[in-house]
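Q: this is the structure alone, sequence omitted:
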């Protein structure tokens, strides 16, 4: 049980980080597949 | 403190910006690469005062009076934001033309320092510029630099900082009445007679011209372009890139990492469902995409070398004569070449097109060029269904050109178009491409690819895994057909039957592909990790249960030629600035991808297997309905066109 909670906790932290970045990129219409700062299509 | 970099297109502003800031912004050896202003802090090496210095890279402009969208960004910034200093980059290979913009900048009262770039080309040609004479005539400092090798940059920064706070004396051009361009150019030619000792004879046929006679030839140009691209893609997908990707997919992400993680999790007693989520869902999906990283890196390294050499500018000239026939000009090829890296900067590059109709048409057609995100799908289907061949990747690019030309013709018929504009493009001289620049661009692409895999693709994979592992009652299920994903996919699946695609899995993969195209591969990886014992990336692997080689190729075309990812759709919306045109564009892209896949499946199956494919009868109905719809729209467009002509008369 404890190993599952620890592994799950670490995975959850990674997922939260990924989700925050995904949300930010989608919100600013960024593909993020190249130079992270220069492809936002927002005028 | 703000230092603005301003100058003509392709004078080397972004190269200088990257050198001064340490950034890796996209540079290309043609005009119109930069369409937005970029700001970054100067590198520590050049930070010689206490006050923070920001460098602003502006899109190229020929004049302070804007003609295109990106030129307006430059003139707006220079006139309204009032930078502390303007570093005017003058192209050493084209001094006379570059100084036209310089003379306009010198009239704004903002301190200007002229950075005479491409000094290496000047010395190669044997031309000598008398900087002191030029300084005297212009009334501002002139510093000779070579941005590619960072030569003279310290001197440039020091000179720029020295003149901060001073007032630029306006030029005293005799006979300059208002905005008299002829008088301005005459004055420039006069001062260059004194300050430029030209050994180079521009009218003499040089090596660049001789190469152009072959590669930009009326008849040979296009076949040579196809041959070069074939070589690049064969090397990237089937050669070195394919070999390295195969190793990553089969060994690293196929065996080593999953086996190690499974062993570790079983050893410490992690719940099997959690273990499956991490190994099959997260690692399986992300690994399926990251496995293609070497392939992407090799491809972009090669493309970067081609761009830097100056060849891609010739492609624009070659394509101009074909594009003219569909109401576009060679100017539209630049967004399409940029779009082969990523559709978003490609769509944004349409800002360089001043004709509104041409711009809209290019915005709709640019996402048909397969971008980097679509490469993993091409590579996966190529490996599984067409092993040991090199034609799949290049054939997709040939289809893309065909789709763009046919699509352009159809758009021209469907809507009321004006005549296309003339295309004049300055061809840079061929040069030895910079390996350093190609490596920078390659690693930049790799960084972005890994970032994307660990954000949007990871999130989507985990969601896909969850949706295929649980039913609507949120109970874990071993039967995928009872899962949430199956029921969602089943709603869309009937729409794919006319294309010969049967199975909710294919619908699910296509839907996730709209979030980011790599998700098509990742979704298959997650689905087949649970449902099949066979590996995904091997010839005749798990995917062959779902397709014949013909329907596999059709599915590939469907995913590549339907609307691009969400982010690129957002870019289309932003650039079109018209909801009506935006939705027209999306509907057009969707219909093109759909009909293309339908034709490939049914014609291909009939020719290759001598029988009809699944969904043949619905496909006939769809085709008839589509043909009637297109004819009605053309009739309506003709009616509007006639009404417009009558109104004009």
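A: The structure has been received and is ready for your questions. Worth saying up front: this structure is predicted, and the values here are computed from it rather than measured. Residues are numbered from 1 along each chain as shown, chains lettered A, B, ... in the order given.

Q: give me every residue in the stretch 251-400 of chain B lying close to chain A.
A: Residues of the stretch 251-400 of chain B found near chain A (CB under 8 Å from any CB of the partner chain) are B:265, B:268-271, B:274, B:277-278, B:282, B:341-345, B:347-348, B:371-373. Backbone N, C-alpha and C define where each C-beta goes, glycine included.

Q: among the residues you listed, name the buried ones.
A: The neighbour-count test (16 or more other CB atoms under 10 Å in any protein chain shown) applied to these identifies B:265, B:270, B:274, B:277-278, B:282, B:341-345, B:347-348, B:371-373 as buried.

Q: my read: residue B:601 touches residue B:502, true?
A: No. With the criterion set as CB atoms under 8 Å, residue B:601 and residue B:502 do not qualify as a contacting pair; they are 11.1 Å apart.

Q: joint contacts of these two?
A: residue B:615 (CB atoms under 8 Å, 6 or more residues apart in numbering or on different chains).

Q: so which of the two has more stuff around it?
A: For residue B:601 and residue B:502, the more surrounded residue by other CB atoms under 10 Å in any protein chain shown is residue B:601, and the numbers stand at 29 against 17.

Q: what about the more buried one, which helix or strand?
A: For residue B:601, the host element (DSSP states H and E) is helix B:579-609.

Q: what residues of the helix or strand following that helix count as buried?
A: Next in sequence after helix B:579-609, counting helices and strands by DSSP H and E, comes helix B:616-648. Applying a neighbour-count criterion of 16+ other CB under 10 Å, one finds B:618-619, B:622, B:637 buried in helix B:616-648.

Q: before we move on, what about stretch B:288-307?
A: Of the residues in stretch B:288-307, those buried by neighbour count under the rule 16+ other CB under 10 Å are B:288-307.

Q: got the contact list for residue 4?
A: Using chain A. Residue A:4 touches B:269-271, B:274, counting by CB under 8 Å, 6+ apart.

Q: you looked at the wrong chain, it should be chain B
A: Residue B:4 makes contact with B:56, B:58, B:77-78, B:81, B:83, B:85-87, according to CB under 8 Å, 6+ apart.

Q: picking up where we left off before, just flag the most distant two among the buried ones among the residues of the stretch 251-400 of chain B next to chain A.
A: The two members of these with the most space between them (CB to CB) are B:270 and B:348, at 45.4 Å.

Q: separation between residue B:318 and residue B:236?
A: In this view, residue B:318 and residue B:236 are 22 Å apart by CB to CB, to the nearest Å.

Q: tell me where the stretch 401-550 of chain B has strands.
A: For the stretch 401-550 of chain B, no strands turn up when DSSP state E, counting those that start in this stretch is the criterion.

Q: where does it have low pLDDT?
A: Residues of the stretch 401-550 of chain B that meet the criterion pLDDT under 70 lie in B:416-424, B:531-533.

Q: tell me which parts of it are close to chain A?
A: Counting by CB under 8 Å from any CB, the stretch 401-550 of chain B comes close to chain A at B:444-445, B:447-449, B:451-452, B:454-456, B:458-459, B:462, B:516.

Q: can you redo the residues you listed as a markdown table with neighbour count and distance to residue B:190?
A: As requested, these are exported to a markdown table (neighbours: other CB atoms under 10 Å in any protein chain shown; distance: CB to CB, whole Å):
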| residue | neighbour count | distance to residue B:190 |
| --- | --- | --- |
| B:444 | 20 | 44 |
| B:445 | 26 | 47 |
| B:447 | 16 | 50 |
| B:448 | 22 | 49 |
| B:449 | 26 | 53 |
| B:451 | 17 | 53 |
| B:452 | 27 | 54 |
| B:454 | 18 | 59 |
| B:455 | 22 | 57 |
| B:456 | 29 | 58 |
| B:458 | 25 | 63 |
| B:459 | 22 | 63 |
| B:462 | 22 | 68 |
| B:516 | 29 | 57 |
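
Q: ok, so of the residues you listed, who is nearest residue B:27?
A: Scanning those for proximity to residue B:27, where the rule is CB to CB, the winner is residue B:444, at 10.8 Å.

Q: the closest one contacts residue B:18, correct?
A: No. At 10.5 Å, residue B:444 and residue B:18 do not qualify as touching, with contact defined as CB under 8 Å.

Q: what residues do these two have in common as contacts?
A: Going by CB under 8 Å, 6+ apart, residues that sit against residue B:444 and also against residue B:18 are residue B:24.

Q: chain A: helices as residue ranges?
A: Residue ranges of the helices in chain A, as given by DSSP state H, are A:2-27.

Q: about what we covered before: give me the subset of the contacts of residue A:4 lying in strands.
A: Assigned to strands by DSSP state E, none of these qualify.

Q: now do the buried residues in stretch B:349-368.
A: Applying 16+ other CB under 10 Å to stretch B:349-368 flags B:349-353, B:355, B:357-368 as buried.

Q: equivalent analysis for stretch B:130-147, please.
A: Using 16+ other CB under 10 Å, the residues of stretch B:130-147 that count as buried are B:134-135, B:137-138, B:140-147.

Q: so what's residue B:106 closest to, chain neighbours aside?
A: Leaving out its chain neighbours, the residue that sits closest to residue B:106 by CB to CB, 6 or more residues apart in numbering or on different chains is residue B:171, at 5.1 Å.

Q: residue B:107 now?
A: Ranked by CB to CB, 6+ apart and with sequence neighbours excluded, the top spatial neighbour of residue B:107 is residue B:170, at 5.1 Å.

Q: that's a strand at that neighbour, yeah?
A: No. Under the criterion used here (DSSP: H, G, I helix; E, B strand; the rest coil), residue B:170 is coil, not part of a strand.

Q: neighbours of it, how many?
A: The burial metric for residue B:170, expressed as a neighbour count using other CB under 10 Å, is 12.

Q: what's the answer for residue B:610, then?
A: Residues contacting residue B:610 under the criterion other CB under 10 Å number 7.

Q: next one, pLDDT for it please.
A: At residue B:610, the pLDDT value in this model is 94.

Q: which residues does the nearest residue to residue B:585 once chain neighbours are set aside contact?
A: Nearest residue to residue B:585, sequence neighbours excluded (CB to CB, 6+ apart): residue B:364, at 4.1 Å. By CB under 8 Å, 6+ apart, the contact set of residue B:364 is B:407, B:411, B:572, B:584-585, B:588-589.

Q: for the stretch 201-350 of chain B, what spans make up the helices?
A: Using DSSP state H, counting those that start in this stretch, the helices of the stretch 201-350 of chain B run over residues B:207-215, B:221-233, B:240-247, B:257-268, B:272-276, B:284-290, B:293-309, B:311-324, B:333-339, B:343-348.

Q: just send those helices back as TSV, with mean pLDDT too.
A: Formatted as TSV, the helices of the stretch 201-350 of chain B follow (pLDDT from 0 to 100):
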stretch	mean pLDDT
helix B:207-215	87
helix B:221-233	88
helix B:240-247	86
helix B:257-268	92
helix B:272-276	91
helix B:284-290	87
helix B:293-309	88
helix B:311-324	83
helix B:333-339	84
helix B:343-348	86
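
Q: what's the most buried one of those?
A: Comparing those by mean neighbour count (mean count of other CB atoms under 10 Å in any protein chain shown), helix B:343-348 comes out on top with a mean of 29.

Q: against which helices or strands is that one packed?
A: Contacts defined by 3 or more CB pairs under 8 Å, 6 or more residues apart in numbering or on different chains; DSSP states H and E place helix B:343-348 against helix B:333-339, helix B:566-576.

Q: helices or strands up against the first one?
A: Counting contacts by 3+ CB pairs under 8 Å, 6+ apart, the secondary-structure elements packed against helix B:333-339 are helix B:311-324, helix B:343-348, helix B:356-365.
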